[in-house]
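Chemist: Using only what follows, build the 3D model:
(chains A and B)
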2 protein chains.
Amino acid sequence: MKAIAVEPGAGEPALVERPQPEPDDGEALVRTLRVGVDGTDHEVIAGHHGKVPAGADRLVLGHEAVGVVEDSNGTDLEDGTLVVPTVRRSPTVGSQNDYFGRGEPDMAPEGEYVERGIVGEHGFMMEYFTSPVEYLVPLPEEYASLGFLVEPISISEKALEHAFASRSAFDWTPESALVLGNGSLGLLTLAMLAEVVEFERTYCLGRRDRPDPTIDIIEELGATYVDSRETPVSEIQDEYEPMDFVYEATGYAKHAVETVDALAPNGVGALLGVPESWEFEVDGGRLHQEMVLHNKALVGTVNSHRGHFETAIDTLAHLPDWLTEDLVTGVYDLAEYQKAFETGDDVVKTAVEFTPR
Amino acid sequence: MKAIAVEPGAGEPALVERPQPEPDDGEALVRTLRVGVDGTDHEVIAGHHGKVPAGADRLVLGHEAVGVVEDSNGTDLEDGTLVVPTVRRSPTVGSQNDYFGRGEPDMAPEGEYVERGIVGEHGFMMEYFTSPVEYLVPLPEEYASLGFLVEPISISEKALEHAFASRSAFDWTPESALVLGNGSLGLLTLAMLAEVVEFERTYCLGRRDRPDPTIDIIEELGATYVDSRETPVSEIQDEYEPMDFVYEATGYAKHAVETVDALAPNGVGALLGVPESWEFEVDGGRLHQEMVLHNKALVGTVNSHRGHFETAIDTLAHLPDWLTEDLVTGVYDLAEYQKAFETGDDVVKTAVEFTPR
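Modeler: Numbering: from 1, shown residues only, chains lettered A, B, ... in the order given. Next up is the predicted model:
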């Protein structure tokens, strides 16, 4: 069968031939429909992130998949069920650490997990994959074409859950939300904040000139586009308004610090980007004082668990059709898979189609 | 009646004569027993913090009080009831903003509150004070001598509540806790963490040589003393262990940043210090990455509300007698009130006694 894999140092993915996997006990065989491409894939391809599986010379990409159960293999998943796989797996086959045991692999520290398509285990960009059924989340047939959006949405479900939990000790009624970053994750999250969580006022930061498809989406959602070249994050509070909630999806380290400036009293910032080491000067005294005197919080969050995938399916159902149509700028079959990895101002979200539904 | 007040620029408190206050409708008259002295008082005296009431030329100090209802003035508080007053008041007499309306003055932003003895309203260091009864928290008679510890404990009750709330979206079973700062608030909090919350292992950071009364208290609590001159906060994780919970009570801005280094995966740091502006270099990239990949959180927290005072009274009941005896190094009557404001390595916590019970 065909798979899309990357060799360390190659700098671009390649179509490779692999034997079709066979499910072990407790696993199902899944026929892959579509697999989304995101910023993490580009970081893995560039060699900034990720790790090939032990003993392998390349990594099969892909962690945002939707597929169909081809062979339930005696499990209680029916053949033909549409499923989305979760991403983290136990690093030791056949045994689980506590995090996996209680269904919270997203809280496992480094070394206690592998991530399919990212760190130490092959991903889903192959015609068939196998998975223990507890990592396969069923979803209604109508999401066969957009199911690859469930994984990125689940990331934000977790971020929102953790951020809101941090404000649960008092009466918090947030009205204003700012998303830092107009990539596909930023835009999906902006849509969640505007359409599902129903913030009164939403903002999204980018650095693009009009006309631009992401600015169009931002404005169609009723949100305000903030151009970071005109208004740095630290000035957003004065230029627009203090933000009850900030969602950072740029991976730009100064944004983590500046989030505190953008927050309203009692606000919370969710941090999701993963920058490299970078030393710079900050007014740590003001940052510290501002967090304390105004009861502000910062919450770092990574990955998601099965419950977040389940909530994400509900969220996907609430996103308007125009949004997903505008967001998904390209779905390419295996013959032109390279196009799914191209970037540019006209590209928002892409996917590779392995088999049509 | 006598009061202890500070004039801006004077640099030290003075004993002054004031008319005895008369309670308005809904207020009780309270005879002051004891009022504690803390770091905030010293900052107010030094002129680094605080504000005299509008139209006044000096500020009566004191925000950690315990007293007895002298005249219930038709309210439902009985004469003779032992009470502790909360600290924040509405900035406009006779009307309440939303924060006060819902019993959360601790969440009010700047400008929406005054603080008795600190910002814009006279404190409790006078022989009698008045207060709306909703700001007077009754406590059992046996706490007449130690009731002035309820306010500082309430500050940590809030900090713990907010920090733990931030970890409530997953299964968190913290075992290790680090307190940054061995002042009276740090030591009280260390005692709460060791004796009430019952962390398995507790640590407290200071910069003192032995023999030292604070190190004695730390070790008597079964905690480990960490000398910051030997082990900077950023190295505590390697030298001792990663900390599930860090409580910052130093007001040293670098500690806010270094707290992230000291935290275990999924840990939370509560920030309570209020430093001045201070620019310094940080590895913001590593900080950001560490928060995200290990699901860490930082929660700033200030002040406390009535519910925290009520929990603090329970907590005070659980603290061992030896601790409060060792912690309170001096209680001075009005004739020698200056001694309550002296500092030194043999001073941990002091109070002024206005009338004996």
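
Chemist: so what's A:Val246 bridging to?
Modeler: A:Leu178, A:Gly269 (DSSP bridges).

Chemist: Isn't it up against A:Ser176?
Modeler: No. A:Val246 is beyond contact range of A:Ser176, at 9.5 Å (criterion: C-beta atoms under 8 Å). (C-beta placed from N, C-alpha, C; glycine too.)

Chemist: Please say which of these two ends up with more neighbours.
Modeler: A:Val246 (31 against 21; other C-beta atoms under 10 Å in any protein chain shown).

Chemist: where does the more buried one land on pLDDT?
Modeler: Per-residue pLDDT puts A:Val246 at 98.

Chemist: Could you measure from it over to chain B?
Modeler: 13 Å (C-beta to the nearest C-beta, to the nearest Å).

Chemist: Let me see the contact set for that residue.
Modeler: A:177-180, A:259, A:262-263, A:267-270 (C-beta atoms under 8 Å, 6 or more residues apart in numbering or on different chains).

Chemist: how close does it get to A:Val226?
Modeler: 12 Å (C-beta to C-beta, to the nearest Å).

Chemist: Overlap in contacts, those two.
Modeler: Here A:Val246 and A:Val226 have A:Leu178 as joint contacts, going by C-beta under 8 Å, 6+ apart.

Chemist: how about the residue sitting nearest the centre point of chain A, phi and psi?
Modeler: By C-alpha atoms, centre = their mean, chain A has its centre lying nearest to A:Pro152, at 3.1 Å. With angles defined as degrees, to the nearest 10, A:Pro152 sits at phi -60, psi -40.

Chemist: I figured it hits A:Leu185, correct?
Modeler: Yes. Using C-beta under 8 Å, A:Pro152 is in contact with A:Leu185, at 5.3 Å.

Chemist: Now do the shared contacts for the two.
Modeler: The overlap between the contact sets of A:Pro152 and A:Leu185 (C-beta under 8 Å, 6+ apart) consists of A:Asp38.

Chemist: Next, count neighbours for the closest residue to A:Val328 other than its chain neighbours.
Modeler: Sequence neighbours aside, A:Lys349 is the residue nearest to A:Val328 in space, at 5.1 Å (criterion: C-beta to C-beta, 6 or more residues apart in numbering or on different chains). By the criterion of other C-beta under 10 Å, A:Lys349 has 24 neighbours.

Chemist: Residues of the stretch 51-200 of chain A that sit close to chain B?
Modeler: A:102, A:104, A:106-107, A:109-110, A:158, A:161-162, A:165-171 (C-beta under 8 Å from any C-beta of the partner chain).

Chemist: tell me the least confident of these?
Modeler: Lowest pLDDT among these: A:Glu110, 92.

Chemist: where do the strands sit along the stretch 201-350 of chain A?
Modeler: Counting by DSSP state E, counting those that start in this stretch, the stretch 201-350 of chain A has these strands, from start to end: A:201-206, A:224-227, A:243-248, A:263-271, A:279-283, A:297-300, A:328-333, A:349-353.

Chemist: deepest of the ones you listed, which one?
Modeler: Neighbour counts (mean count of other C-beta atoms under 10 Å in any protein chain shown) averaged over each of the strands of the stretch 201-350 of chain A peak at strand A:297-300, with a mean of 29.

Chemist: Which neighbouring elements make contact with it?
Modeler: Contact here means 3 or more C-beta pairs under 8 Å, 6 or more residues apart in numbering or on different chains; DSSP states H and E; on that basis strand A:297-300 packs against helix A:150-165, helix A:253-262, strand A:263-271, helix B:284-293, strand B:297-300.

Chemist: Give me the secondary structure label for A:Pro28.
Modeler: Just to correct that, residue A:28 is Ala rather than Pro. strand (DSSP: H, G, I helix; E, B strand; the rest coil).

Chemist: what's the burial count for the nearest residue to A:Glu141 once chain neighbours are set aside?
Modeler: In space, and not counting its chain neighbours, A:Glu141 is closest to A:Leu82: 5.5 Å by C-beta to C-beta, 6+ apart. Around A:Leu82 there are 21 other residues, counting by other C-beta under 10 Å.

Chemist: Mind listing the residues bridging to A:Leu82?
Modeler: Going by DSSP bridges, A:Leu82 is paired in beta bridges with A:Val68.

Chemist: Quick one: residues contacting it.
Modeler: Shown in contact with A:Leu82 (C-beta under 8 Å, 6+ apart): A:66-68, A:138-141, A:143-144, A:147.

Chemist: can you tell me which two in those residues are farthest apart?
Modeler: A:Gly67 and A:Pro140 (14.4 Å; C-beta to C-beta).

Chemist: higher neighbour count, the two?
Modeler: Remark: of A:Gly67 and A:Pro140, A:Gly67 carries more neighbours, 30 against 11, as counted by other C-beta under 10 Å.

Chemist: who's the residue nearest to A:Ala223 when sequence neighbours are not counted bridged to?
Modeler: With C-beta to C-beta, 6+ apart as the criterion, A:Ala223 has its nearest non-adjacent residue at 4.0 Å, and that residue is A:Thr202. Legend: beta-bridge partners of A:Thr202 under DSSP bridges are A:Ala177.

Chemist: is it true that A:Thr202 touches A:Glu195?
Modeler: No. Applying C-beta under 8 Å as the test, A:Thr202 and A:Glu195 come out as separate, 9.5 Å apart.

Chemist: okay, and the common contacts of the two?
Modeler: Jointly contacting A:Thr202 and A:Glu195 under the rule C-beta under 8 Å, 6+ apart are A:Leu221.

Chemist: where's A:Val84 relative to A:Asp283, distance?
Modeler: Distance from A:Val84 to A:Asp283, counting by C-beta to C-beta: 44 Å.

Chemist: Including distance to B:Gly55, could the helices and strands packed on strand A:297-300 go into JSON lines?
Modeler: Output for the helices and strands packed on strand A:297-300, formatted as JSON lines (distance: least, C-beta to C-beta, whole Å):
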{"stretch": "helix A:150-165", "distance to B:Gly55": "43"}
{"stretch": "helix A:253-262", "distance to B:Gly55": "34"}
{"stretch": "strand A:263-271", "distance to B:Gly55": "27"}
{"stretch": "helix B:284-293", "distance to B:Gly55": "45"}
{"stretch": "strand B:297-300", "distance to B:Gly55": "32"}
